[in-house]
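Colleague: missing the sequence, but the structure's below:
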């Protein structure tokens, strides 16, 4: 299929590369021309403007927006909508608030434009590993985009199919899901990220306890000098908590057991807050996820080893770099 990609950052560029590997045709645009030039050398059509991008596509056009949630995405969709024709499709693959998806889909429908929201998980590793996709939109539109989603998804790989799935939708076993109508894709991704906060916090706190097992506050005979890198490594192999986040933790600790390159300042990108808001609206207790979010707030005031662990994991899976320390530059 033919796809126009707007936003060629950490994920947008690699989504284009994965699509081109499977013979999809890609036109690309970014305010910074450099990534477009690089992708053109790999086979993409680099465009100098959104007007040029739309002109390079054959109707019905598919334009994928991969920009930060909020004003940047809102402005791009508003401009692109004026350039498209009835029947064209806009995909938002960023981390948009699901309520904005519902509003946008309604507004674009008045223009006879189609809108699809795609929660995209995979971070900087998606080019090789594939992207887990959570999709919201009308069934006929989502079905027509299946070749794109099938290419981007990781596939079944060596993960056994869950028992008793006979007769169910096969797409989830390939790593992508049509979750429901507009908004459902980003809602599912929002909860995914909320859970991610909780899982990361549990690992971070556990390693903090291990690291402080030789604390002078403990009786001498109860102090343990433990190698957290080796513990992370052994847990990767056959333990109940084996996970990609544990893999990233093991890698970070093997590089530097003190995580000296991290301050422990942990940002949040919005989905954790929205998850807690959804829990409040639904009157669902979410103590772990709420606590994990609040810990990130506190991390910006004082830092523990646990917060350094969180920073290390975030850089590992998403390339998220801590903001520079005040008056210094992070090496």
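Modeller: Sure thing, it's come through. Here the structure is a predicted model, which means the values were calculated and not measured.

Colleague: ok, the closest residue to residue 118 other than its chain neighbours - how many residues close by?
Modeller: Distance criterion CB to CB, 6 or more residues apart in numbering; nearest residue to residue 118, sequence neighbours excluded, is residue 93 at 4.5 Å. C-beta coordinates here come from the backbone N, C-alpha and C atoms, glycine included. For residue 93, the count of nearby residues is 28 (other CB atoms under 10 Å).

Colleague: I'd guessed residue 93 sits against residue 63; true?
Modeller: No: the criterion here is CB atoms under 8 Å, and residue 93 misses it with residue 63 at 10.8 Å.

Colleague: so where's the protein uncertain?
Modeller: 325-331 (pLDDT under 70).

Colleague: what do you get if the cut-off is 50, keeping everything else the same?
Modeller: Applying pLDDT under 50 to the chain flags residues 327-331.

Colleague: Just want the most central residue of it.
Modeller: Most central in the chain under CA atoms, centre = their mean is residue 121, positioned 3.8 Å from the mean C-alpha point.

Colleague: which stretches of the stretch 151-300 of the chain form strands?
Modeller: Per DSSP state E, counting those that start in this stretch, the stretch 151-300 of the chain carries strands over the ranges 176-180.

Colleague: buried ones in stretch 27-35?
Modeller: 27, 28, 29, 30, 35 (16 or more other CB atoms under 10 Å).

Colleague: for this structure, longest strand please?
Modeller: When the chain is scanned for its longest strand (criterion: DSSP state E), the result is strand 114-121.

Colleague: That one pairs with which strands, and in what direction?
Modeller: Partners of strand 114-121 in the sheet, by DSSP bridges, are strand 89-92 (parallel), strand 132-136 (antiparallel).

Colleague: would you turn those into CSV with distance to residue 303 and mean neighbour count?
Modeller: Converted to CSV, those look like this (distance: least, CB to CB, whole Å; neighbours: other CB atoms under 10 Å):
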stretch, distance to residue 303, mean neighbour count
strand 89-92, 34, 26
strand 132-136, 31, 25
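
Colleague: Using a markdown table, lay out the ones you listed together with distance to residue 214.
Modeller: A markdown table is the format used below for the strands paired with strand 114-121 (distance: least, CB to CB, whole Å):
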| stretch | distance to residue 214 |
| --- | --- |
| strand 89-92 | 49 |
| strand 132-136 | 39 |
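
Colleague: sorry, back to before: let's have the buried residues of stretch 27-35 in TSV, adding secondary structure and distance to residue 130.
Modeller: What follows is these, written out as TSV (DSSP: H, G, I helix; E, B strand; the rest coil; distance: CB to CB, whole Å):
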residue	secondary structure	distance to residue 130
27	strand	22
28	strand	20
29	strand	24
30	coil	23
35	helix	21
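
Colleague: Between those, which sits nearest residue 260?
Modeller: residue 35 (31.6 Å; CB to CB).

Colleague: The closest one touches residue 10, doesn't it?
Modeller: No: between residue 35 and residue 10 there is no contact under CB under 8 Å: 10.2 Å.

Colleague: hmm, who's touching stretch 191-206?
Modeller: 95, 119, 121, 134, 241, 243, 245-246, 249, 268-269, 271-272, 274-276, 278, 286, 288-289, 291-293, 295-296, 306-307, 309-310, 313-314 (CB atoms under 8 Å, 6 or more residues apart in numbering).
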